[in-house]
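Participant: Generate a structure from the sequence data that follows.
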Amino acid sequence: MSTAQDIVTRVRDVINDTSATPRNSNEEIFRWISDALSLASTSVPRLFSKTADMICSAGYLQTLAFTRALSFIEVIGFPQVDVASLTAFAPGWKMDTAGPIQHWFPSADSPKSFCVYPPSQGDQTITVTYVESPAPVTSTSDVLNVPDVVIPAIVQFCVGMVESKDDEHVNSNRAAQAKADFVALIKGA
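Facilitator: Prediction:
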């Protein structure tokens, strides 16, 4: 795994900013790394997927309570059911007797919510996969928990932000282009 220092060093090499007093501070590059990671989490959510156990609350609607959870992906070990089929064959499924979970499906209420069938008794532990928001980069020792194949895209994004900052009046679309290039690179990774 790469550290923030690895990214800073590569960015400074590309933009020829390796003097003792660099033009761009570490903190500034950290913000761009954080922006790139946030953009990646919405472009390729599976890069930031986590698996954890959670205890269900009583009822059919469940919501992830993990601090940095962005969105729910799946329940491990139980099949997903089509809500239209469930409703067609069991119209009162939301009011069925609570019991051990057999199926799940994503909820339209929130990206962090999902539904279980039958409704939970409120004590069952299940394993879920979800997307976790990347932690902001604040130190050169911060480890970027992404595959190494993503690192060149993050470097390119930061380089694009540096160039946009340096030439803001020459090409106002440079930052937008850097973001578009990053998304294209990250989706191809």
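Participant: Just the buried residues of the top helix by length along the chain, please?
Facilitator: When the chain is parsed with DSSP state H, its longest helix is helix 26-43. Buried positions in helix 26-43, judged by neighbour count with 16 or more other Cβ atoms under 10 Å: 26, 28-37, 39-41, 43. Bear in mind the C-beta positions are built from the backbone N, C-alpha and C, glycine included.
Participant: name the helices or strands packed onto it?
Facilitator: Under the contact definition 3 or more Cβ pairs under 8 Å, 6 or more residues apart in numbering; DSSP states H and E, helix 26-43 sits against helix 4-14, helix 151-166, helix 174-188.
Participant: List the residues that contact Gly77.
Facilitator: Taking Cβ atoms under 8 Å, 6 or more residues apart in numbering as the criterion, Gly77 is in contact with 126-127.
Participant: now do Thr9
Facilitator: Taking Cβ under 8 Å, 6+ apart as the definition, Thr9 has no contacts.
Participant: Give me the distance between it and Ala184.
Facilitator: Counting by Cβ to Cβ, to the nearest Å, the gap from Thr9 to Ala184 is 24 Å.
Participant: residues of the helix or strand where Ile126 lies that come out buried?
Facilitator: Under the criterion DSSP states H and E, the helix or strand holding Ile126 is strand 125-132. When burial is assessed from 16+ other Cβ under 10 Å, strand 125-132 yields the following buried residues: 126, 128, 130-132.
Participant: Would you give the sheet partners of that strand, along with the direction of each?
Facilitator: In the sheet, strand 125-132 lines up against strand 49-55 (antiparallel), strand 69-76 (antiparallel) (DSSP bridges).
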